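**Q** compute the structure for the input listed below.
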Amino acid sequence: MDEIRILSPTAILWYGFPEASFEEGLRRDPHVIAVDAGSSDPGPYYLGARVPFNDRSAVKRDLQIILGPGIARGILVIIGTAGGAGATLI
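**A** Numbers count the residues shown, from 1 in each chain. Next comes the predicted model:
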């Protein structure tokens, strides 16, 4: 393999992204769809409070857009640091 094409639709899962941009990326036949899903940027509050800083419905929206084509096309989907501050999200 001479190249590995990675589609990263957004900086962090739940920020959202234009579906048209994602579809354009899919037209380039990526080998992997990769997205981060958390951050330590908000600090320790969320971890201590055991609540997520991510919006649950926004996470689900992004996942539906990403996972459907990933599964249908057999594209590996990698989601890093899922859950944000360590709280149960889904």
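
**Q** list the buried residues of stretch 38-50.
**A** 38, 46-47 (16 or more other C-beta atoms under 10 Å). For every residue, glycine as well, the C-beta is placed using N, CA and C.

**Q** so which of these is the closest to Phe53?
**A** Checking the buried residues of stretch 38-50 against Phe53 by C-beta to C-beta gives Tyr46 as the nearest, at 4.6 Å.

**Q** that closest one reaches Gly38, doesn't it?
**A** No: Tyr46 is beyond contact range of Gly38, at 10.1 Å (criterion: C-beta atoms under 8 Å).

**Q** quick one: which of the buried residues of stretch 38-50 sit in helices?
**A** Among these, the members found in helices (DSSP state H) are 46-47.

**Q** what sits against Ala34?
**A** 6-8, 77-80 (C-beta atoms under 8 Å, 6 or more residues apart in numbering).

**Q** ditto for Trp14
**A** Applying C-beta under 8 Å, 6+ apart, the residues contacting Trp14 are 37, 54-55, 58-59, 62.

**Q** and the pLDDT for Ala37?
**A** In this model, Ala37 is scored at 80, pLDDT.

**Q** could you export the helix or strand of the chain with the lowest mean pLDDT as PDB, CA atoms only?
**A** In the chain, no helix or strand scores lower on mean pLDDT, DSSP states H and E than helix 45-49, which sits at a mean of 75. Presented in PDB, the C-alpha positions along helix 45-49 are these (Å, rounded to 0.1, in the frame of the first residue of the first chain):
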ATOM      1  CA  TYR A  45     -14.800  19.400  37.200                       C
ATOM      2  CA  TYR A  46     -16.700  17.000  35.000                       C
ATOM      3  CA  LEU A  47     -14.600  14.000  36.100                       C
ATOM      4  CA  GLY A  48     -15.300  14.900  39.800                       C
ATOM      5  CA  ALA A  49     -19.000  15.600  39.200                       C
END
